[in-house]
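[1] This is the structure alone, sequence omitted:
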């Protein structure tokens, strides 16, 4: 078994619970056997687990107010009665009196009910964890800053993008060269790797790097090597998570 390579800054006596760790995993969240690299960094800004649950009221717009919103708004506010008064209609007439009484009954009433306001669960996107990672060098800028940052960038980027070609040309090559895999012909590129994220004893996997930024104006030494760098990164779960996924997250006892 190969020895694990840890890319990190020298954090001295800082608690290991304040250090975030990243490593490659498969789609099941298990560590890849052919990967021996772990990146560690201090988390400086709030790392928030953001879970969005989409609850909607699909029947909320099923009331009569949606068919004639202006008319029903006038009747609910009592303005329809004032409108009849402004016309100067004789209220002593039975027909006008009955119409006025009917309009007065609409005042203060609404078509919203508990039934048509019931919310239904309409799915959820993957959970996200935005954070800021800090790398800084005490002895060696290359091993403490540049190497771990480079590794994070490599994990975030696609493993390989095929050269400029069309599906038709790749299919033709696959027909001519039977050794060429049809899967490679249809899907020639390789997507970014999946990661595990461990922080304060809690492990989330598999995760993807949804966004990452590298400040090019970070401090450097006399040789142009970065001596400190704050990386803004957003992680996202591979899929939406359910109760079993949450229960499977390791938590310290």
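    On my side now, so go ahead. Keep in mind it's a predicted model, so treat the numbers as computed, not measured.
[2] Let me know how buried residue 27 is, in neighbour terms.
    Residue 27 is flanked by 10 other residues according to other Cβ atoms under 10 Å. Yep, even glycine has a C-beta here, placed from its N, CA and C like the rest.
[3] pretty sure it is touching residue 206, no?
    Yes: at 6.0 Å, residue 27 counts as touching residue 206 under the criterion of Cβ atoms under 8 Å.
[4] Which residues are in contact with each of those two?
    Common contacts of residue 27 and residue 206, defined by Cβ atoms under 8 Å, 6 or more residues apart in numbering, comprise 194, 238.
[5] so where's the stretch 51-200 of the chain shaky on pLDDT?
    For the stretch 51-200 of the chain, applying pLDDT under 70 flags the ranges 60-112, 164-186.
[6] For the residue lying closest to residue 5 once chain neighbours are set aside, which residues are in contact?
    Taking Cβ to Cβ, 6 or more residues apart in numbering, and ignoring the residues beside it in sequence, residue 5 has residue 37 as its nearest neighbour in space, at 5.0 Å. Under the criterion of Cβ under 8 Å, 6+ apart, the neighbours of residue 37 are 4, 5, 6, 7, 23, 24, 151.
[7] Compile these into JSON lines and extend it with columns for distance to residue 130.
    Converted to JSON lines, the contacts of residue 37 look like this (distance: Cβ to Cβ, whole Å):
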{"residue": "4", "distance to residue 130": "27"}
{"residue": "5", "distance to residue 130": "27"}
{"residue": "6", "distance to residue 130": "24"}
{"residue": "7", "distance to residue 130": "22"}
{"residue": "23", "distance to residue 130": "20"}
{"residue": "24", "distance to residue 130": "21"}
{"residue": "151", "distance to residue 130": "20"}
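[8] So which of the residues you listed sit within helices?
    Taking DSSP state H as the definition of helices, the contacts of residue 37 contribute residue 151.
[9] Please report phi then psi for residue 246.
    When quoted as degrees, to the nearest 10, the phi and psi of residue 246 stand at phi -70, psi -40.
[10] Distance of it relative to residue 236?
    The spacing between residue 246 and residue 236, counted by Cβ to Cβ, to the nearest Å, is 16 Å.
[11] Show me the helices in the stretch 151-253 of the chain, by range?
    Assigned by DSSP state H, counting those that start in this stretch, the stretch 151-253 of the chain shows helices spanning 167-176, 182-186, 243-248.
[12] Between residue 246 and residue 236, point out the one with more neighbours.
    Residue environment comparison for residue 246 versus residue 236 gives the larger neighbour count to residue 236, 18 against 11, counting by other Cβ under 10 Å.
[13] show me what contacts the more buried one?
    Contacts of residue 236 (Cβ under 8 Å, 6+ apart): 126, 127, 128, 129, 207, 208, 210.
[14] all strands for the chain, in order.
    Using DSSP state E, the strands of the chain run over 5-7, 19-25, 37-43, 55-56, 120-121, 128-136, 194-199, 202-213, 228-237.
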